[in-house]
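The following comprises the amino acid sequence and a computationally predicted model.
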Amino acid sequence: MDPALSPAGRRAAAIARHLAAGALPAPPPLAAAAALLGPSPCLSYAPPESAENAPAFPPTELRALLDGHHLMERDWVFRVMEESQLFCPRQRGGGSRVFVAPDYNDGKEAQREATMRRVAHLAQRGVFRGWLTEPGAEAELRKLALLECLGVYDHSLAIKIGVHFFLWGSAIKFLGTKRHHDKWLLATENYDVKGCFAMTELGHGSNVRGIETIATYDSKAREFIINTPCESAQKYWIGGAANHATHTIVFSQLHINGKNEGVHAFVAQIRDEDGNVLPNIHIADCGHKIGLNGVDNGRIWFQNIRVPRENLLNLVADVLPNGQYVSVIDDPDQRFAAFLSPLTLGRVNIAVNSVYISKVGLAIAVRYGLSRRAFSLTPDGPEMLLLDYPSHQRRLLPLLAKVCLMSSAGNFMKKMYVKRTPEMSKAIHIYSSALKATLTWQNMITLQECREACGGQGLKTENRIGIFKAEFDVQSTFEGDNNVLMQQVSKALYAEFLAAQKKKKPFKGLGLEHLNGPSPVIPDKLTSSILRSSKFQMDLYCLRERDLLKQFTEDVSIHLAQGKSREKALMLSYQLAEDLARAFTERTILQIFLADEMNVPSGSLKEVLLLLRSLYVMVSIDESASFLRYGYLSLDNVVSVRKEVLKLCSELRHHALAVVSSFGIPDAFLSPLAFDWIEANALSTGSH
Ligand SMILES: Cc1cc2nc3c(=O)[nH]c(=O)nc-3n(C[C@H](O)[C@H](O)[C@H](O)COP(=O)(O)OP(=O)(O)OC[C@H]3O[C@@H](n4cnc5c(N)ncnc54)[C@H](O)[C@@H]3O)c2cc1C
C-alpha cells in the first residue's frame, strides 16, 4: 500500500483490487483468497480504548449507581448464558472473542423450541430458585435483576419466562389464596406446570372490562362453566398458549343466577402432562410476528369447559358453594383495579428491561463511533471519527444522558414496588404506567438513532440494534398500551388536583408537594451556570407541571360546564392531558436522579452526573414545543438552551466511552461492530 495516497486514492486502489479479484475465473478457497489480499488492510482498526483518555471516573462506580442492585448476580447470570452452547456462542473477529445471540435464521417453531431449551437450562442452573416462594424485597429485586439480564440476551427468552412467573405466577400469588399457593406456586417455580395468562381477546385489549368470555356458576355441580360465546371473545396473543402451556389464568365475566358480577380470574388446565390439548379447548397459533418469534403466542376458545369452584382466584371476591357472591371490596371499580394488579410487576420489568436494551444499542453505537471514520476535513488529512462530528454527538450523547437518568428512575420504581403497601398502590400504578410508557418509547427512539448511527452495519442482525427494533417494538403495546397508560397518568393527576381542592389539604405524594408553594420564577437571562443548576432545572419542570395541571383542569371543567360527561370531557382535553403526563414523568425522572446524584461525593463522577443531568434537561426543552407554546421560556431563552446542548455534548464526548463501559454489559452481549469490525468481516471469516 502506498502511504502517500490520499484517502480517496486508497479507496480507489482497494476498489481496483476488489474488481481484479472479481475477474478471476472461479473464486479461490477462502484462506487462499484472504492471502491474496495481503496482510495489511487499507484501514486498520484502533480500539476506542487506545485513543481515548483514561476514564475521568471509575466506571465501576457509575455502574453501581445505574444498575442499582445485585451486580454480582447479574454478572453470574450473564456467565451462565455465555457458558452454555444453548445460547449459540459464535467466535467472530479473530482472537478468542465470542458473541452470544439467538439464531434468528431459525423458523419460528425452531426458535420456540430453542427458547424452551434455554429456559430448562436456566431452571437447572437454579436461576429461578425462590422466584415465587421466597418472600421479601431482596428476593424480588434479585429476580428483577436476573430477568433484566436474560432480556439482554433475547426478548423472547425474557417474555417466555415473564409470562410464566410474572403473569401466571403473580396472578396465582396475588389474586389467589392458600389453596392456590399450595397447589401451584412451587409447581410453577419447578416448571411442573407451565402457565399462561389469558386476558386479551380479539375484540378487547386495552378495554379489559369489555371482554366477552363468560364464566357461569353452576351451584349444583359447584363448578364454573367457561365459554367463548363468539369469535371476538377468542383469547388472543396469549404467550405460551400455542405450544407449551399446561395451565392458564382465564379472565372472564362472572355470571351468577343471571347477574354479571364483572371480570374475574379463574385457573383452567388446557393441556395434559403429555402436551395434548384437553377436550373442549381449541387452540390456534397467532402466526409469525415482526419479532418475538421465540414466544408461542396463541388463541384460545373455551367450549363450555368446567372448572371447580375452587379455581376462582378468590383473594378479592369469592363465590360460596350456594352461589352467594362475596367480596372484600365493595366498589366495583376498585375491585376491577385489584384484578389488574398482577400486571404491575410485568410493567415494572418491561420498563427497566427497555433501559438495558437502550444501553446495548448505545454501547455498540458509541464504540463504533469511536472507531469508524468518514471523510477528511482537508484533502490529505485523516478521516474524522464519527463521534468527533458535533452532529453525531448531538445524535447519540443526549440518548446516553437519557438512559442514565432513566436507569435511576427504573431503580426507584423497582425499590418502591418491592416495598409496596396497600396505601402505595395508587402511586405505584401511576409511576409504573408513566415510566413503562416513557422508557419503552424512548428505547425505540434510541434504537432507531443507534441503528442509523451505525450506517448499513446497523442493519446486520448480528450487530443486534436492527433486530432489537423489531423485537422490542411490542413493549409499547403489551401490559398496557402506552397511550392508554399516559391517559391514566393525567387522569390520576386531575383526580389529585380535585381532591386537594375539595379537601382544602396540601398535595402529598407523587412529588406534587411543589404545588403547595409559590410558583417558581424563571430568570429572564439564562447563563450557562443557571442552565446547569439543579434549582433552575427543577423550577422549570415544576412550573410547567403546575401550569399544565391547572390548564388541564380548567379545560375539563369548561367541557363539564357544557354538559359533557367526565369521561368525554377528559377525552376532549387530550392535548393538555398528553403534555401534562409528559411533564409529570420528566419531572419525576429528574427528581429521582437528583436524589441519586446528591448521594455521590464531590469528585469526577459527580461532575459527569451533572453533565448527564443537564443534557437530559436541555435536550428535553430543545425537543419539546411546550416550553415555548405555553410561554415558560422566551425565544431568547430557548436559543440559549440550544447553544448549551452543543456545549454539553462536546464536554460529554470525552466521557462517552467511560459511560458506556459502565453499563456493565459483557462484551459477548454486544456485537462484532463494537470491536474489531474489520477483522470480523475479513474474507477468511466467511459469510455470516
Ligand atoms: C406479542 C404480544 C404478546 C402478548 N401477550 C399477551 C399475553 O400473554 N396475555 C394477554 O392477555 N395479552 C397479551 N397481549 C395482548 C396485549 O396486552 C394487547 O395487545 C394490548 O393490551 C393492546 O390491546 P389491543 O391489541 O386490543 O389494542 P387496542 O386496545 O384495541 O388499541 C388499539 C389502539 O387504540 C388506542 N386506544 C385504545 N383505547 C383508547 C382510548 N381510550 N383512547 C385513545 N386511544 C385508545 C391504543 O392506543 C392503540 O393505539 C400480547 C400482545 C402481543 C402483541
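The structure has been received and is ready for your questions.

got the phi/psi numbers for the residue in the stretch 201-350 of the chain that the ligand sits nearest to?
Closest residue of the stretch 201-350 of the chain to the ligand, Cβ to the nearest ligand atom: Gly205 (1.9 Å). In short, each C-beta sits where N, CA and C put it, glycine included. For Gly205, the backbone dihedrals are phi -120, psi -80 (criterion: degrees, to the nearest 10).

What about Leu646, how many residues nearby?
13 (other Cβ atoms under 10 Å).

hmm, back to that, now for the residue of the stretch 201-350 of the chain closest to the ligand: which residues touch it?
236, 481 (Cβ atoms under 8 Å, 6 or more residues apart in numbering).

now do 10 Å
199, 211, 236-237, 477-478, 480-481, 484 (Cβ atoms under 10 Å, 6 or more residues apart in numbering).

Could you report the distance from it to Glu479?
For Gly205, the distance to Glu479 equals 11 Å [Cβ to Cβ, to the nearest Å].

Return every residue with contacts to both of these two.
Contacts common to Gly205 and Glu479, judged by Cβ under 10 Å, 6+ apart, are Met199.

Between the two ends of stretch 468-479, how far is it?
19 Å (Cα to Cα, to the nearest Å).

which parts of that stretch are buried?
468-476, 478-479 (16 or more other Cβ atoms under 10 Å).

now the stretch 501-650 of the chain, which segments are flagged as low pLDDT?
For the stretch 501-650 of the chain, no stretch has pLDDT under 70.

how about the helices in it?
Along the stretch 501-650 of the chain, the segments classed as helices by DSSP state H, counting those that start in this stretch run 528-531, 534-561, 566-572, 574-598, 604-623, 626-629, 635-653.

which secondary structure elements does the longest one contact?
With contacts defined as 3 or more Cβ pairs under 10 Å, 6 or more residues apart in numbering; DSSP states H and E, helix 534-561 has these neighbours: helix 482-503, helix 528-531, helix 566-572, helix 574-598, helix 604-623, helix 626-629.

sorry, back to before: next, format the buried residues of stretch 468-479 as TSV and append distance to Ser640.
Formatted as TSV, those follow (distance: Cβ to Cβ, whole Å):
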residue	distance to Ser640
Phe468	36
Lys469	35
Ala470	40
Glu471	40
Phe472	36
Asp473	37
Val474	40
Gln475	36
Ser476	34
Phe478	41
Glu479	40
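
pLDDT check: weakest of these?
On pLDDT alone, Glu479 ranks lowest of the buried residues of stretch 468-479, at 94.

what's the helix or strand for that one?
Using DSSP states H and E, no element contains Glu479; it sits outside every helix and strand.

Same check on Gln111?
Per DSSP H and E: helix 108-124 holds Gln111.

what's the neighbour count on the residue lying closest to Asn297 once chain neighbours are set aside?
Excluding the flanking residues, the one nearest Asn297 by Cβ to Cβ, 6 or more residues apart in numbering is Cys286, at 4.0 Å. Close neighbours of Cys286, defined as other Cβ under 10 Å, add up to 16.

you'd agree Cys286 is up against Gly298?
Yes - shown here, Cys286 and Gly298 form a contact pair, counting by Cβ atoms under 10 Å, at 6.1 Å.

Helix or strand with the lowest mean pLDDT in this structure?
Ranked by mean pLDDT, DSSP states H and E, the weakest helix or strand in the chain is helix 7-22, scoring a mean of 43.

OK, contacts around Ser156?
102, 108, 111-112, 114-115, 118, 239, 289, 291-296, 471.

can you put the helices of the stretch 501-650 of the chain in a markdown table and add distance to the ligand?
Below are the helices of the stretch 501-650 of the chain laid out as a markdown table (distance: least, Cβ to the nearest ligand atom, whole Å):
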| stretch | distance to the ligand |
| --- | --- |
| helix 528-531 | 35 |
| helix 534-561 | 15 |
| helix 566-572 | 7 |
| helix 574-598 | 8 |
| helix 604-623 | 22 |
| helix 626-629 | 20 |
| helix 635-653 | 30 |
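
okay, and for the stretch 351-500 of the chain, where does confidence drop off?
Checking the stretch 351-500 of the chain against pLDDT under 70 turns up nothing.

For Pro666, grab phi and psi.
phi -60, psi 150.

which one is it nearest to, not counting chain neighbours?
Phe78 is the one closest to Pro666 (Cβ to Cβ, 6+ apart), at 4.9 Å.

Hmm, Gly151 and that neighbour touching each other?
No - applying Cβ under 10 Å as the test, Phe78 and Gly151 come out as separate, 11.7 Å apart.

for the closest residue to Leu646 other than its chain neighbours, what are its contacts?
Nearest non-adjacent residue to Leu646, counting by Cβ to Cβ, 6+ apart: Pro390, 6.5 Å away. By Cβ under 10 Å, 6+ apart, the contact set of Pro390 is 646, 649-650, 653.

can you check Leu612 too?
So Leu612 contacts 62, 397-398, 400-405, 408, 593, 597, 648, 652, 655, 659 (Cβ under 10 Å, 6+ apart).

Please apply the same query to Lys173.
132-133, 165-166, 180-181, 184-185, 188, 313, 315, 342, 345.

In contact with the residue nearest to Asn297, which residues?
With Cβ under 10 Å, 6+ apart, Cys286 has these contacts: 236-239, 241-242, 295-299.

now, which of the residues you listed lie close to the ligand?
Near the ligand, taking Cβ under 6 Å from any ligand atom as the test, the members of the contacts of Cys286 found are 237-239, 297.

Quick one: the contacts of Cys286 as a markdown table, columns for pLDDT, secondary structure and neighbour count too.
Compiled in a markdown table, the contacts of Cys286 are given as follows (pLDDT from 0 to 100; DSSP: H, G, I helix; E, B strand; the rest coil; neighbours: other Cβ atoms under 10 Å):
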| residue | pLDDT | secondary structure | neighbour count |
| --- | --- | --- | --- |
| Tyr236 | 98 | strand | 21 |
| Trp237 | 98 | strand | 20 |
| Ile238 | 98 | strand | 28 |
| Gly239 | 98 | strand | 26 |
| Ala241 | 98 | coil | 28 |
| Ala242 | 98 | coil | 22 |
| Val295 | 98 | coil | 29 |
| Asp296 | 98 | coil | 26 |
| Asn297 | 98 | strand | 24 |
| Gly298 | 98 | strand | 25 |
| Arg299 | 98 | strand | 22 |
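
Name the nearest of the residues you listed relative to Leu144.
Proximity of the contacts of Cys286 to Leu144 (Cβ to Cβ) peaks at Gly239, which lies at 18.6 Å.

any idea how far the closest residue to the closest one other than its chain neighbours is from the ligand?
Closest residue to Gly239 apart from its sequence neighbours, by Cβ to Cβ, 6+ apart: Val163 at 4.0 Å. Distance, Val163 to the ligand, by Cβ to the nearest ligand atom, to the nearest Å: 5 Å.

so Val163, which of the three states?
helix (DSSP: H, G, I helix; E, B strand; the rest coil).

doesn't Leu292 make contact with it?
No - Val163 is beyond contact range of Leu292, at 11.2 Å (criterion: Cβ under 10 Å).

Point to the residue nearest the middle of the chain.
In the chain, the C-alpha nearest the mean C-alpha coordinate belongs to Ser354, at 2.3 Å (Cα atoms, centre = their mean).

now it, nearest residue through space, not along the chain?
Asn443 (3.9 Å).

State the number of residues packed around the one you found.
Asn443 has 30 nearby residues by other Cβ under 10 Å.
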